[in-house]
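K.L.:
this is the structure alone, sequence omitted:
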């Protein structure tokens with residue numbers, strides 16, 4: 001890929017990068033890490049659920065088409081995000 005004016009070279013797009021990016025967005029909406037724009041932990045559970053559900057849809061739609069590493073990463077990300085989301089929605093985690 002070509003460098004732009006600022007010297008930024010974007011990563012090669014692949015499935016692992018894509019789902020990791022979605023997972024990162026979900027962790028921001030779950031308040032686990034600060035929002036990069038505001039530098040504050042902000043919680044938006046409906047948006048987090050949307051991202052988690054989107055990852056679940058991707059898992060269903062790509063079943064049988066992922067290599068072992070991709071499938072395992074997606075499974076692990078979904079498990080962690082769903083577990084944390086449930087704890088958050090029940091008020092078990094601040």
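P.N.:
Received, thanks. Keep in mind the model is a prediction, meaning the values are calculated, not measured.

K.L.:
can we go C-alpha only for contacts and neighbour counts from here?
P.N.:
Fine.

K.L.:
flag every buried residue along the helix ranked longest in the chain.
P.N.:
Looking across the chain with DSSP state H, the single longest helix is helix 68-89. Across helix 68-89, burial judged by 16 or more other C-alpha atoms under 10 Å covers 70, 71, 74, 77, 78, 81, 82, 84, 85, 88.

K.L.:
now swap in stretch 28-44 and tell me
P.N.:
28, 29, 30, 31, 33, 34, 35, 42, 43.

K.L.:
ok, stretch 52-63 next?
P.N.:
Result for stretch 52-63 [16+ other C-alpha under 10 Å]: buried residues 52, 55, 56, 59.

K.L.:
centroid-nearest residue for this protein?
P.N.:
With distances taken as C-alpha atoms, centre = their mean, residue 23 lies nearest the centre of the chain, 0.8 Å away.

K.L.:
thought that residue was touching residue 77?
P.N.:
Yes. At 6.8 Å, residue 23 counts as touching residue 77 under the criterion of C-alpha atoms under 8 Å.

K.L.:
returning to what we had before: residues contacting the longest helix of the chain, please?
P.N.:
Outside helix 68-89, the residues within contact range by C-alpha atoms under 8 Å, 6 or more residues apart in numbering are 15-16, 19, 23, 26-27, 30, 45, 48-49, 52, 55-56, 59, 93-94.

K.L.:
how about the strands in the chain?
P.N.:
Read by DSSP state E, the chain holds no strands at all.

K.L.:
show me where pLDDT drops low in it?
P.N.:
Along the chain, the model assigns pLDDT under 70 to residues 1-4.

K.L.:
would you map the helices across it?
P.N.:
Under DSSP H, the chain gives helices at 15-29, 45-62, 68-89.

K.L.:
run the chain-centre distance for stretch 69-80.
P.N.:
Offset of stretch 69-80 from its chain centre (C-alpha atoms, centre = their mean, to the nearest Å): 10 Å.

K.L.:
with stretch 44-64 instead?
P.N.:
Distance, centroid of stretch 44-64 to centroid of chain: 9 Å (C-alpha atoms, centre = their mean).

K.L.:
list the contacts for residue 25?
P.N.:
48, 51.

K.L.:
quick one: it and residue 12, what's the gap?
P.N.:
Note on residue 25: its distance to residue 12, by C-alpha to C-alpha, to the nearest Å, is 19 Å.
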